[in-house]
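Asker: any chance you could fold what I've pasted below:
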Amino acid sequence: MQLKVQTIIATNDSDCTDPKLSGIKSQLQVFKYRCYRLLKEETRDAKWQTRADFEIPGGRSLLVTPQNYQGNRTSLKVSLVGGDKPFLDTTVSLRNRGNFLSAGLAHEKGVLFISIWATAE
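Answerer: Numbers count the residues shown, from 1 in each chain. Below is the predicted model of the structure:
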């Protein structure tokens, strides 16, 4: 199982989309920001039922635990923590080689988006 986490900042400063985000450009167009820049990308191998921790800008941590794989879909337990309470605590089901996009964390002069990709071999 391989996990990839992309941290993206969205702003209205100028019109731009980082070419490294071409794989999710259609997902980002749903939101009405003018600029999307990739801040950080991390890929790692993960084990089933074992938590993988990713550092997110702003002093937060993304905790991803691959739960199971069935019918070409991967189930992930996802928590975004920082400070007193979790910002996100959910389970998502992704098609193999698919992604989950979450948005809404204020950061600097914009909003952070987090894209989680899961690939089961």
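
Asker: strands of the protein, start to end?
Answerer: 2-11, 16-17, 35-45, 52-56, 60-70, 73-81, 88-95, 98-107, 110-119 (DSSP state E).

Asker: contact partners for Gly58?
Answerer: Going by Cβ atoms under 8 Å, 6 or more residues apart in numbering, Gly58 touches 82, 105, 107, 112. C-beta coordinates here come from the backbone N, C-alpha and C atoms, glycine included.

Asker: now list the buried members of these.
Answerer: 105, 107, 112 (16 or more other Cβ atoms under 10 Å).

Asker: isn't the second one up against Ile9?
Answerer: Yes: in this structure, His107 sits in contact with Ile9. The criterion is Cβ atoms under 8 Å, and the distance is 6.1 Å.

Asker: now do the residue sitting furthest away from the middle of the chain, the pLDDT please.
Answerer: Distance from the C-alpha centroid of the chain peaks at Ser14, with 23.0 Å (Cα atoms, centre = their mean). Note for Ser14: predicted pLDDT of 86.

Asker: that one and Lys109, how far apart?
Answerer: Note on Ser14: its distance to Lys109, by Cβ to Cβ, to the nearest Å, is 12 Å.

Asker: can I get the strands of the chain in TSV including distance to Gly23?
Answerer: Listed next are those as TSV, based on distance: least, Cβ to Cβ, whole Å:
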stretch	distance to Gly23
strand 2-11	9
strand 16-17	12
strand 35-45	11
strand 52-56	18
strand 60-70	19
strand 73-81	17
strand 88-95	14
strand 98-107	8
strand 110-119	9
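
Asker: check contacts around the nearest residue in space to Lys109 that is not next to it in sequence.
Answerer: Among residues not flanking Lys109 along the chain, Thr11 sits closest, at 5.8 Å (Cβ to Cβ, 6 or more residues apart in numbering). Thr11 sits next to 33-35, 37, 109-111 when contact means Cβ under 8 Å, 6+ apart.

Asker: let's see that with 10 Å instead.
Answerer: Residues counted as contacts of Thr11 (Cβ atoms under 10 Å, 6 or more residues apart in numbering) are 33-37, 107-111.
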